[in-house]
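Trainee: sequence isn't available, so here's the structure alone:
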RNA sequence: GCGCCCGUAGCUCAACUGGAUAGAGCACUUGACUACGAAUCAAGAGGUUGGAGGUUCGAGUCCUUCCGGGCGCACCA
């Protein structure tokens, strides 16, 4: 129940009534009308741009249109005042009873407060993480994982039927590279080569994954298979070690995901798609539309690669769908490109009934977006939509100093190292990852995120929640027989909440459903982090106001009706924070000690 | 060279998809603990939104063009 949307409906109805009276032309396009809280609360509770948006089509001055609309709206229950302002805004003041009603509905809804029907049950597929199965997750993966997970939860809250997917890239060249590196570690484990020889080969780029994590994997392999792969030909050991390596790496990755609290519904194997003939099928689907041909691409502009040579390739006409050039589906050895199997994967999603797809990638995949969107457009005859969210880098800092690279991971700092850092853990990591827009770089400073102060947004929000729980404890102490259930609180006499800041907090609580819908619509969960911060801030302010003015304290011994009304307010705030944190997958703490 | 993303207070970042006087936190200045948790709060100061044009009732947001940064640019994923 988004109160702003309700009023938009009322305004559209009022306009229709004006049109019926002949005061304005009929059939105006009302789609651009917005109803939103004004930036300056002094302007009222809601502002609409209706008069400004419609004035041209109506052939009226915005001010006149606003006057007409204002007069009409004034007759409605729930509208205390409607005043034209500025260039043609219409500012509304809403009856107090509606804010009371919003708080009651928050209390009654509990954790489901803010749930929306916006999505109408439409199926949405969110693909995220999809890290290559070649090693443990690093911090960048962690950001994508948290972002995708929170976005999925947000869309679910907004009424979409969400499926969370992980695409396992187990078919390309990278997994061969993994197999070779694993083989090297295995030779060391079996005593076939020395550690020094391994290091030499690593230096010579014979092996590309130097991370220590493969040492243990090699040990497991040795204990399973003995030394049977030592003398074997590569053609023999490669497939075996590849399969083993992939499954072991997926175990590592799933452990990391578990530690982050990230859970996918579906894991799709690239190799599986290839073996099942899905790639060929997807290619055929494009072929029947005449979108596949064999051709030679122009050399890339700018720096020419050393090994460039004209080569006939199987190409997809991506340029017909907004991409710059056509894109190859097959390598010169006839095997599929990554793009080809990814087309098959998205085709598969489409066939499974997803017309809304979201892919969460690292920012280094930016060049890949257009061709994938082109493919989805082509495969669905334009009926499916793919949104690609690119997550920028995470800059790891400690007290302002960049954190050094890790030996264990080879190059990257592992996700594990970060969430196992003293004082961090999954909740801190998750929340901080969501305090920035996905396409903005994010600075993650160990010192700052573990600080217990308002400089640390995780702490600040959780502290508000814990403080509120403390109010409840005090209330129970003062009124041992009183019912503190949300249902009972919803029955409190809310008209006793008279202070401006109390009403201000009520309005914030009432704005939560709108915040959820807007964050969901824009695919931007970070907005909720800011909203929660605002709610926490309003609560902390009210708390301190009670410190200076004792009559504003939440719990007033001997005054049960007032105390109950205030606890209802506090609990409304708790409801919003708990609801928001659950979207983020972060625990709401009852106490900080 | 081309494409995508970005440029907002000293620093890190918001800005409700084009709305009214561009907002928070940190840092800085001042004030509030015999006190429901001072891990907090109140107040002050801080800006030509990288520059210049354009679109319109109205631009940080859209268009054009420069400047500066990041990423990507056939048979890698």
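Mentor: All right, it came through fine. These numbers come from a predicted model, not from an experiment.

Trainee: the residue in the stretch 201-350 of chain A positioned nearest to RNA strand B - nearest residue in space that isn't next to it in sequence?
Mentor: Of the residues in the stretch 201-350 of chain A, the one nearest RNA strand B is residue A:331, at a distance of 2.1 Å by C-beta to the nearest atom of the strand. Using the backbone N, CA and C atoms, a C-beta is placed for each residue, glycine as well. Taking C-beta to C-beta, 6 or more residues apart in numbering as the measure, residue A:331 lies nearest to residue A:337, with 6.0 Å between them; neighbours along the chain are not counted.

Trainee: now do the contacts for the one you found.
Mentor: The neighbours of residue A:337, taking C-beta atoms under 8 Å, 6 or more residues apart in numbering as the test, are A:328, A:329, A:330, A:331.

Trainee: burial check on the second one, number of neighbours?
Mentor: For residue A:329, the neighbour count with other C-beta atoms under 10 Å is 22.

Trainee: ok, it touching residue A:314?
Mentor: Yes - counting by C-beta atoms under 8 Å, residue A:329 sits close enough to residue A:314 to count as a contact (4.7 Å).

Trainee: mind listing the shared neighbours of these two?
Mentor: By C-beta under 8 Å, 6+ apart, residue A:329 and residue A:314 have these common neighbours: A:283, A:292.

Trainee: and stretch A:416-435, how far apart are its ends?
Mentor: Here the two ends of stretch A:416-435 are set 20 Å apart, with distance taken as C-alpha to C-alpha, to the nearest Å.

Trainee: per-residue confidence averaged over that stretch?
Mentor: For stretch A:416-435, mean pLDDT rounds to 92.

Trainee: ok now that stretch, how far from the chain's centre?
Mentor: Averaged C-alpha coordinates place stretch A:416-435 at 16 Å from its chain's average position (C-alpha atoms, centre = their mean, to the nearest Å).

Trainee: okay, buried residues for stretch A:87-102 please.
Mentor: Judged by neighbour count (16 or more other C-beta atoms under 10 Å), stretch A:87-102 contains these buried residues: A:88, A:89, A:90, A:91, A:92, A:94, A:96, A:98, A:99, A:100, A:101, A:102.

Trainee: could you redo the residues you listed as TSV and give each row secondary structure?
Mentor: Output for the buried residues of stretch A:87-102, formatted as TSV (DSSP: H, G, I helix; E, B strand; the rest coil):
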residue	secondary structure
A:88	coil
A:89	strand
A:90	strand
A:91	strand
A:92	strand
A:94	strand
A:96	helix
A:98	helix
A:99	helix
A:100	helix
A:101	helix
A:102	helix
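
Trainee: any chance of those residues in TSV, with distance to residue A:19 too?
Mentor: Rendered in TSV, the data for the buried residues of stretch A:87-102 read as follows (distance: C-beta to C-beta, whole Å):
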residue	distance to residue A:19
A:88	18
A:89	21
A:90	17
A:91	23
A:92	20
A:94	25
A:96	31
A:98	26
A:99	31
A:100	33
A:101	30
A:102	30
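
Trainee: so which of these also contact RNA strand B?
Mentor: Checking the buried residues of stretch A:87-102 against RNA strand B by C-beta under 7 Å from any atom of the strand, the ones in range are A:88, A:89, A:91.

Trainee: now render those as a markdown table, adding pLDDT.
Mentor: What follows is these, written out as a markdown table (pLDDT from 0 to 100):
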| residue | pLDDT |
| --- | --- |
| A:88 | 88 |
| A:89 | 91 |
| A:91 | 93 |
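
Trainee: at which residues are the strands of the stretch 151-300 of chain A located?
Mentor: A:161-168, A:266-269, A:292-296 (DSSP state E, counting those that start in this stretch).

Trainee: next, the angle from the very next helix or strand once past the last one to strand A:292-296.
Mentor: Toward the C-terminal end, the helix or strand that comes next after strand A:292-296 (DSSP states H and E) is strand A:312-316. Between strand A:312-316 and strand A:292-296, the angle comes out at 140 degrees (axes from the mean of the first three to the mean of the last three C-alpha atoms, to 10 degrees).

Trainee: what pairs with strand A:312-316, and is each one parallel or antiparallel?
Mentor: Each strand paired with strand A:312-316, and its direction, by DSSP bridges: strand A:292-296 (antiparallel), strand A:327-328 (antiparallel).

Trainee: quick check: which of those is nearest to residue A:490?
Mentor: Taking C-beta to C-beta as the measure, the strands paired with strand A:312-316 were each checked against residue A:490, and strand A:327-328 came out nearest at 57.2 Å.

Trainee: got the residues of the stretch 201-350 of chain A near RNA strand B?
Mentor: Contact residues (C-beta under 7 Å from any atom of the strand) of the stretch 201-350 of chain A with RNA strand B: A:270, A:296-297, A:299-303, A:305, A:307-311, A:313, A:324, A:327-328, A:330-333, A:335, A:337-339.

Trainee: could I have the buried ones of those residues as PyMOL selection syntax?
Mentor: To isolate the buried members of these in PyMOL, using 16+ other C-beta under 10 Å:
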select buried, chain A and resi 270+313+327+328+330+337+339
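
Trainee: quick one on the thing from earlier: rank the strands of the stretch 151-300 of chain A by mean pLDDT and give me the bottom one.
Mentor: Averaged per stretch, pLDDT over these is lowest on strand A:292-296, reaching a mean of 91.
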